[in-house]
Structure formats: C-alpha cells, structure tokens
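Student: I need the structure of the sequence given here:
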Amino acid sequence: MPQSQTSQQPAKPVRIAPWRGPLHFGLLVISAIVSLALQFSYLLLVAGLFLWMCWQVYLITGRMALTGVLQWRMVPELLKFVFMGITWVFMLRPLRPRPKHAKVALQVTAATQPQLFELVHMLCWHLRAAPPVQIWLDTSISVRSTMFGGLTGILTGQTVLHLGLPVVSVITARELGGLLAHELSHNAGGISTLFVHAVREMNAWFFRAALERDEWEMHLKEKPKARESEWHKQGRRLVRGWMLAARLPFIFFALASRLTSALTLCLIRQSAARCGANVIGTDVYERMQRKLALLGGAWRAAEQEIQRGVVQHRLPENLSLLMARHVATEAKARASARAEAGGAGTEAKEGGKEVKGAMLVAYLSPLQPAASVMRQFVDLSRQVTYFYYQHEMGLNLHEHRMVADEEVIHQNRREEEALLVIRRYFGGLAHPERAMCGLGSTPTSATELPELKGEILRVREEIIVWGPQFKMALQEWNQAWQRRRDLEAAATLSLAGFTVSRMQFGTPDASPGALRHEAACQRTVMEHMEGPLQERERVLERRFASALGILWWSDPADLNEWLRGRRQDLAGWVTIYEAMCGALPSFRELLTTFFAFQTLGAKFANVDDPSAFLTALQSVVPKMLNLVRQIMSTMDGAPYPFTANGKPTTLNQQLLPTPLPEMPGVSMTLADAASMRSIGLKMASQASECIAPYVDAFLSMYHRAFAWLAETAERTETHFLGTLNFGSATEILLPDEFTTQRLGMKARSPDAIAAWKPTA
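Tutor: All right, here's what the predicted structure looks like:
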C-alpha cells in the first residue's frame, strides 16, 4: 500500500469485494469451458464440412474418370459443389475476425498522474488484486478492465484499465472511486480472475465476430449513386442473404454461449455493483449510474456536432466537456420534469446504514469533480480529442478550426427558421449578414405590374446563368470573414498570454502582431470582393424590390387575405430593415470583435497573468463600445412601430434599453495582481452584460425583418407568377443548406412555404 495513505487508511485491508463462494467459482469455470467448447465445436463443424467437400470432390472426379468429363447429369453435382464451397468460405469469415479495433487512447503513468494511480493502487490493495499494468485514456463512454493482450493474455493475469474521459467529466471524485472499485473488482478473485475475464472476452469475441462486416460487405447495403438496374439490385440482396444464411450457424453458437453464460455474467455485474456500492454507498452509486446512462445520448449529440463542424470546418476542441454539457442539460431537464410531476423526493436515503469502504474515499469531496483527480484534465481531453479526429475519423486538422463551445455565436444558426426563409427565397445566394437593400437606385417610374413581373422573370433567368459562380464567390467571402474572426480571437488570446498554435493559421509565429497582420490580409480580401459581390447583389435586389413593389401597388381585391395582412405592416418592416442595413458593415466589425471578446471570456478561469489579460481586454472592450455607438448613430431616429403597448419607440431604444456602461479606469502600475484580476473581471462582466444582449437583439431583429420581407416577397411571387425554381446547380450555398430547410415542413403547412416545392 502507498506510504502516503497509511495515515488515512486502516493498516489492514477493508473487505469491499463481496464474498464469492464455490458455487460462483464453479459457474465461472463451467461458463468458460462451455464458451471455449462452443468455439471448438464451430471449428470442428467447419473442418468437418471441409472434409465432406473434399470427399465429394474425390467422388465426383472418380465418377468423371469413369463416365467422361462432359456429362449433363454431372452439372447439378458441380453446381452443388460450387454452392457449398462458396457457403463454406462465408462460414469461415467469423473465424478470422479482424483484430479488435483499438480506440485512440493516451497512456498515462504514475509520474504524470500520481493521484489517479494512488487511488487505483489503494483500491487494488483493499481488493487484494494485482493493479493494472497500464492505464489508458480515451474518448469512450465507459471504464473497462481487460486482459493485457486480449484472449492471448489471459494466462499472464496482467490487466489494462481503459478510462473514458467523458465519464470522468460527468461524475464527482468520490463517484470515480466507486466506479474504479466496480471495475477493478473483476480482478479481485485470485485464480477466478482468469475465468471472469475469459467469460467476458470470449462472449465479446463471439458477438464481435458475428456482427462485424468487411468494407466490401458494407457496400452491399449501400445503394449506388448511379441508376441501379433491377438485376444488380436483386444480386446485392441475394449475396447479402447468402452471407447471412452462412453466418447463422455461428450466430447460433454465439447465442448459445451467451445463454449458458447469462447467469454468470449477471453475477459478475451484480458483484461489481455491490463492490462499488460498498465504497460510495448505494444512493451515490445509483445516482452515478443515472448520470452514466445519459452518456449514450450525449455521444449521439456530440456526433451531430462533429458532423456539422466538419461541414463548417470548425470542430469542437474538447469532446469530453461537450458531452458533459449535454449530460448536464439532459439531467436538468429530467430533474425539472420530476419536480413538476411531484417526484422530487424519489431518491432513497441511506438511513444511517454504514458503508464498508466509506473511509477509503472520504478524502475525496462529494462535490469535487472527478477531473480534479487528474492533472491537466482539460489539456489531456483536448489532446485525445485531436487524436480521435486524426486517427479515428481521418481528418486533416490543418483544414479545421478547433473551437470551444463558448467561442461560437449561434453555433446551430443554420437551422433557424428565419435563415431558412432567407436562403430559400434567394436560392442560397444571400448571406444572412449582408444587406440586400440600398445597392441600386429605387425605381420611380416602373410601378406597373407587368413591368415588375417582367423584371422578376428577367432576374430569374440571369441567376441561372451566373448563380453557381456567384455562389462560390460568396462562399470565399464568408470563409475569409470566418478566418478573420478566428485570427482576431487568436491574436487576443495571444495578447492575454495564452498559447496559440500557429499551425492552425499558417502564420510565421503566434505573436499578436503576426496574427493581426494575417487578419488584416483577410480583411483586404473581403474588401476586394465587395465590388464583384455587390454587382450581382444589385440584380438580386431588383427582384426583391419588384416583388415587394407588386404587393404595395396591387389592388387589394387582387390579393388574398394573407397578403392583405402583410401589406398593412409592410411599411413598418421596410423601415426597420432599411435602417439596420445601413449599419451592417459596422455590425460585422462588432461581431468580429465580440467573437474575440467572447473567446477571451471563456478562458478567464485559466488566467495566469492578470496584467496581460487586462491588456487584452483593453484591446477589444473600448472598440466594441465605440462600434455600438457608431451603429446607434447610423440608426438614429429610426422608429420601431411594433411595440406591445402600441406606442412607437426608436429602434435604438428597442435594441438597447439601458445606456452603455462606463469602463473602470485602469492603471498598469498596479502591483496587486488580485486588484488587476478584479478590475478585469468587472470590465469583462459589464461589457458582456451590455454587448452580448445587444448583439443577440440586433441579429434577431435584422434576421426577423429580412425573413419577414423575404417570405412576403416569396408568397407575392407565388400568388402572381406561380412557383418558380432556380437552376439545380444554384440552389446550394453550403452542402447541407437546402436539406435543413425541410425542417420548416415539420412546423408549418406546405402553404406557408409555397415557393419551395420539391421537384417531381
């Protein structure tokens, strides 16, 4: 036992593993023998079938030698032999399974993680079990102990502990002690440990071999992208069915092994659960299991975030913490549901029952996160996350930006209803943060409906010609703006003293000057693209203005009830939209600076140098406040007519009800680090309380106005001109844009989005 624990732990081991009698040992031996016998039985079955086919070959060749080679009655025999031979090859497939897929993992040692190893060795000492020879950290959602080398390592008795970092991120330190005791108890049986792992490993091998598929087998389930002929489709089905039929004997043996081992596996799980409860108590153990049960859903949610990030080239930097947030959200929702149902007191209490091994983990706080037991948990989790992206998913990290969850504004905005309406109406050729107003001259004479309708049709024809090229240019502009935001955020972090990887940005070094210089280059790219983009956006504006003009100048008798209602509010929404369009360039600058501020705020807890952090804050906070004042001056006097009490107010008062705060004075000669830290915290808090709601309110109001006008124009065109479609090569801004727009069909009737109709 470690010397550091002698003052806290009893001199004699505490029996925390439940007693296992001869009946338990006998079941282990019988289950292991039966599982091994079933494996050999299948092997004998395959070997016997092979010998039978060899005998058949001998008989057929002998018959052919007597009767001649070309005999029609020999054809069925040959076909039967070919059929049996192919089936035998398919039956051989489970006996040669691929090596167990090794999860991306990071090995830790006692030198790098002394607290974790101390806890593991202490529990093994009380369990009278040999400690694991290796401990690996991975991205799985389980903690598991396996034999070193798999089935071939059963005779050595050495074990390996695999610790899923998402598990560590959602439980407390004391619960981690109980979970480790649960898993390490599998090794606390002396010679029975070999049989415990033999039963677990052999049953796992049976089902892995029965269910795994080669890559070419997986392709049989995929429908070809090209048009598939009927005979090819039936051929795929035939081969899949043939392979399944050939696997049925092995599946039967796998089910037989699981059935004969079911009682033994149940006893193993119950024994491990009792061991964990003996350390942390039954109630705490059950609460821990409820947390772990949520990890499956959290992993599926994380996979969706990863897939979305692959498209956006912005991947979550820490999968463990991402899943922990999903678990916390789901747990909070379930707790609220139980509270509403009156089941807040459903958890049982220990009732004073003594917990055998409570003193073993008494030094671990019940509120202390398990991550505190490990050194640099966040950095380890990020490192393992990067390994997962590179080796599990095969991604090139140079093409992606690693972002924390807090660093992204509206990360899932592409599913918002307003943005779907905008992209649907403009065919994906309108950026949500670019103005589609004020680029061209307002028509004064062309108010006749035929002329306006003709203008819409002409624009539609033009878009089909240059739409795909404009789409690519708009993508490049958006990527340049995204890269500029990332560079500004990285420069701010570097100014605050944080380590920034230059490999993600391709800069000579990670200094604030180099990063800001690259950000300025990206800004230059955006400015150079403004002219060509606005040239085409003027054409889109002509169609937009013509559709709204048709609604405004039409006879009310020619409109349906929905359009007449929209016409009443048209002037108000146009006023809001025009006022906000003029402030969009300044607002994009505010978004860029606020992104850097938000990134810096997410790192505040890890600040080592308050003076550097304060310097970084001074580089972004005054700029944000000046940009807000500039935006407000641009929209000065613009009314907001849609208030709840019916009294018009200004748009600035609607977006920013409270005045901008005055930032505290800062003297860099302060010697007290605590004072500098408190001033930085106050500055960040005041700026966040003011700027964050303003950014959200501006984005929400602008997108709401833009979407309201776009939907109105869309329904007007549909009413007067019928359904119109862009070219198939034009209607995509990003790969998943037009697939997500179908979300609108779930909440609205088809009439609400009549301008979008799936092609026949």
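Student: hey, let's count contacts and neighbours off CA atoms from now on
Tutor: Will do.
Student: look up phi and psi at R401.
Tutor: The phi/psi pair for R401 (degrees, to the nearest 10) reads phi -100, psi 130.
Student: from R485, how far out is the closest residue to it other than its chain neighbours?
Tutor: Computed as C-alpha to C-alpha, 6 or more residues apart in numbering, the closest residue to R401 that is not its neighbour in sequence is R314, at 4.6 Å. From R314 over to R485 the distance is 12 Å, taken as C-alpha to C-alpha, to the nearest Å.
Student: same thing with L176?
Tutor: 39 Å.
Student: and P641, what does it touch?
Tutor: Listed by C-alpha atoms under 8 Å, 6 or more residues apart in numbering, the contact set of P641 reads G572, K647, P648, T649.
Student: could the residues you listed go into CSV alongside distance to Q158, pLDDT and neighbour count?
Tutor: Formatted as CSV, the contacts of P641 follow (distance: C-alpha to C-alpha, whole Å; pLDDT from 0 to 100; neighbours: other C-alpha atoms under 10 Å):
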residue, distance to Q158, pLDDT, neighbour count
G572, 75, 91, 15
K647, 78, 80, 9
P648, 77, 78, 13
T649, 75, 87, 15
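Student: what's the farthest-apart pair in those residues?
Tutor: G572 and K647 (13.3 Å; C-alpha to C-alpha).
Student: longest helix of the chain?
Tutor: helix 230-280 (DSSP state H).
Student: who are the packing partners of it?
Tutor: helix 22-67, helix 75-92, helix 173-184, helix 192-211, helix 282-293 (3 or more C-alpha pairs under 8 Å, 6 or more residues apart in numbering; DSSP states H and E).
Student: any idea which of the ones you listed is most buried?
Tutor: Most buried of the helices and strands packed on helix 230-280, by mean neighbour count (mean count of other C-alpha atoms under 10 Å): helix 173-184, with a mean of 26.
Student: any stretches of the stretch 401-550 of the chain with poor pLDDT?
Tutor: Within the stretch 401-550 of the chain, the stretches with pLDDT under 70 are 403-416, 438-447, 503-504.
Student: format the helices and strands packed on helix 230-280 as a markdown table; extra columns: mean pLDDT and distance to C437.
Tutor: Listed next are the helices and strands packed on helix 230-280 as a markdown table, based on pLDDT from 0 to 100; distance: least, C-alpha to C-alpha, whole Å:
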| stretch | mean pLDDT | distance to C437 |
| --- | --- | --- |
| helix 22-67 | 78 | 73 |
| helix 75-92 | 76 | 65 |
| helix 173-184 | 87 | 57 |
| helix 192-211 | 73 | 58 |
| helix 282-293 | 87 | 51 |
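Student: now the helix or strand hosting R460: how far from the chain's centre is it?
Tutor: Under the criterion of DSSP states H and E, R460 resides in helix 449-495. When distances are taken as C-alpha atoms, centre = their mean, to the nearest Å, helix 449-495 is centred 27 Å away from the chain's centroid.
Student: same for it, what does it pack against?
Tutor: helix 512-553, helix 584-602, helix 610-634.
Student: JSON lines for these, including mean neighbour count and distance to V168?
Tutor: Converted to JSON lines, the helices and strands packed on helix 449-495 look like this (neighbours: other C-alpha atoms under 10 Å; distance: least, C-alpha to C-alpha, whole Å):
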{"stretch": "helix 512-553", "mean neighbour count": "18", "distance to V168": "35"}
{"stretch": "helix 584-602", "mean neighbour count": "20", "distance to V168": "21"}
{"stretch": "helix 610-634", "mean neighbour count": "19", "distance to V168": "30"}
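Student: and those helices as JSON lines, adding distance to I30?
Tutor: Shown next, in JSON lines, are the helices and strands packed on helix 449-495 (distance: least, C-alpha to C-alpha, whole Å):
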{"stretch": "helix 512-553", "distance to I30": "66"}
{"stretch": "helix 584-602", "distance to I30": "56"}
{"stretch": "helix 610-634", "distance to I30": "65"}
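Student: to K471, which of those helices lies closest?
Tutor: Among these, helix 512-553 comes nearest to K471, with 9.8 Å by C-alpha to C-alpha.
Student: what about that closest one, distance to the chain center?
Tutor: Remark: helix 512-553 is offset 31 Å from the chain centroid, using C-alpha atoms, centre = their mean.
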